[in-house]
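Asks: predicted model follows, preceded by the sequence.
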Amino acid sequence: MADSLSFDGVDLSAYGVTVVDGPIQFLSKPRLSTAQRSREHGAIVRGKFLEPRVLSVPVVVKGQDFNDLLANWQNIRSLLRPSKGEKKIVLDYQSDRFYVGRLQEGLSAAPAGGQRAVGTTLQFFCPDPTTYDVTQRTQNTATTSLSFTPGGNEETRCIITGVNGNASAAAAIEVIHSPSQAVFKTTYPLAANERIRLDGERQIAEVSHDGVTWAAIMKSVDNYAHEFARLTPAVLNTFTLTGLAGTYSWTVTYYDRYL
């Protein structure tokens with residue numbers, strides 16, 4: 001992927017794309033809010049969070065001839081089709097991180113006849129302005145407690161998956177996270193060998209009998225006392241699980257996240 005980028009796992013250099021002069025990074029703006037000081041000068045400013053990011057990448061798209069260039073252009077347009085949603089974007093110069101976004105601008109006009117190369121700037125809208133490590137981390141245990149220290153420098157969501165090894169149903173499952181003190185609890189009767197998945201990325205709880213087909217069980221927040229944990233970077237994170245019995249196992253998967 002030399003001097004190129006990948007989108008949704010596809011290396012765009014296969015379609016004649018070369019990144020020129022390195023990607024231009026536009027840092028996202030702070031999301032500022034102000035409150036006027038009563039009977040005082042000025043205001044109080046709060047700016048803890050960041051706005052979405054627009055990632056601009058100047059590229060040249062080449063072909064062996066005009067027909068090849070046009071074919072490359074059409075393939076790129078299909079691959080980057082915005083209706084496909086946010087996908088992973090990996091830049092060659094920083095291949096250990098990925099962004100999540102969709103194409104916003106850069107492929108509006110087709111190349112003119114006779115050309116073998118065309119320059120443009122691909123602009124990707126990234127609702128999440130942070131980056132993630134390309135390696136997904138997995139922590140496993142078969143006990144009631146799991147502790148580990150995530151990397152990165154920003155809180156990150158995780159996915160917790162458990163398997164009930166008890167011969168009978170598990171009537172209640174509760175997961176407590178520290179240091180956030182987030183608690184997720186459900187009274188769904190998890191059957192023997194049935195799996196449960198607490199997906200903090202999508203904010204949904206699901207169950208499965210085979211680990212392939214999943215069904216949502218969190219249909220009404222009124223029936224659940226739940227809070228999806230966000231891992232705290234660079235400190236010890238501990239999950240405590242109650243409700244599973246017998247021979248069981250559970251895992252926590254996540255990506256280290258960076259500002």
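Replies: On my side now, so go ahead. Residues are numbered from 1 along each chain as shown.

Asks: just the helices in the stretch 51-200 of the chain please.
Replies: Secondary structure of the stretch 51-200 of the chain, counting by DSSP state H, counting those that start in this stretch: helices at 66-79.

Asks: okay, now the unreliable bits of it?
Replies: The stretch 51-200 of the chain contains residues with pLDDT under 70 at 167-171.

Asks: again, only this time at 90
Replies: Under the criterion pLDDT under 90, the flagged ranges of the stretch 51-200 of the chain are 51, 92-94, 106-115, 141-144, 162-175, 180-196, 198, 200.

Asks: where do the strands sit along it?
Replies: For the stretch 51-200 of the chain, the strands identified by DSSP state E, counting those that start in this stretch occupy 53-62, 87-91, 97-105, 117-126, 131-141, 145-148, 156-163, 173-178, 183-186, 195-199, in order along the chain.

Asks: A43 against Q36, yeah?
Replies: Yes - using C-beta atoms under 8 Å, A43 is in contact with Q36, at 5.0 Å. Just so you know, the C-beta spots here come from the backbone N, C-alpha and C atoms, and that holds for glycine as well.

Asks: related to what we said a few turns ago, in a markdown table: the strands of the stretch 51-200 of the chain, plus mean neighbour count.
Replies: What follows is those, written out as a markdown table (neighbours: other C-beta atoms under 10 Å):
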| stretch | mean neighbour count |
| --- | --- |
| strand 53-62 | 19 |
| strand 87-91 | 20 |
| strand 97-105 | 19 |
| strand 117-126 | 17 |
| strand 131-141 | 16 |
| strand 145-148 | 14 |
| strand 156-163 | 20 |
| strand 173-178 | 20 |
| strand 183-186 | 18 |
| strand 195-199 | 21 |
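
Asks: so the residue sitting furthest away from the middle of the chain versus S33, what's the distance?
Replies: Note on the chain: the largest separation between a C-alpha and the mean C-alpha position, by C-alpha atoms, centre = their mean, falls on R39 (44.5 Å). As defined by C-beta to C-beta, to the nearest Å, R39 lies at a distance of 20 Å from S33.

Asks: show me the contacts for the closest residue in space to V100 that isn't next to it in sequence.
Replies: The shortest distance from V100 to any residue that is not its chain neighbour, by C-beta to C-beta, 6 or more residues apart in numbering, is 4.8 Å, and that residue is E86. Neighbouring residues of E86 by C-beta atoms under 8 Å, 6 or more residues apart in numbering: V100, G101, R102, C126, P127.

Asks: go again using 6 Å as the cut-off
Replies: E86 sits next to V100, G101, R102 when contact means C-beta atoms under 6 Å, 6 or more residues apart in numbering.

Asks: and for the closest residue to D65 other than its chain neighbours, the neighbour number?
Replies: Nearest residue to D65, sequence neighbours excluded (C-beta to C-beta, 6+ apart): R116, at 6.1 Å. Neighbour count for R116, taken as other C-beta atoms under 10 Å: 15.

Asks: also E227?
Replies: Residue neighbour count, defined by other C-beta under 10 Å, stands at 16 for E227.

Asks: go on, T232?
Replies: For T232, the neighbour count with other C-beta under 10 Å is 18.

Asks: cool, the one 5 residues further on as well?
Replies: Each residue near N237 was counted by other C-beta under 10 Å, and the total is 23.

Asks: could you report the neighbour count for the closest residue to it other than its chain neighbours?
Replies: What sits nearest to N237 in space, not counting adjacent residues and going by C-beta to C-beta, 6+ apart, is L231, at 5.4 Å. The tally of other residues near L231 (other C-beta under 10 Å) stands at 27.

Asks: partner residues bridging L231?
Replies: T156 (DSSP bridges).

Asks: list the contacts of A234.
Replies: Counting by C-beta under 6 Å, 6+ apart, there are no residues that A234 touches.
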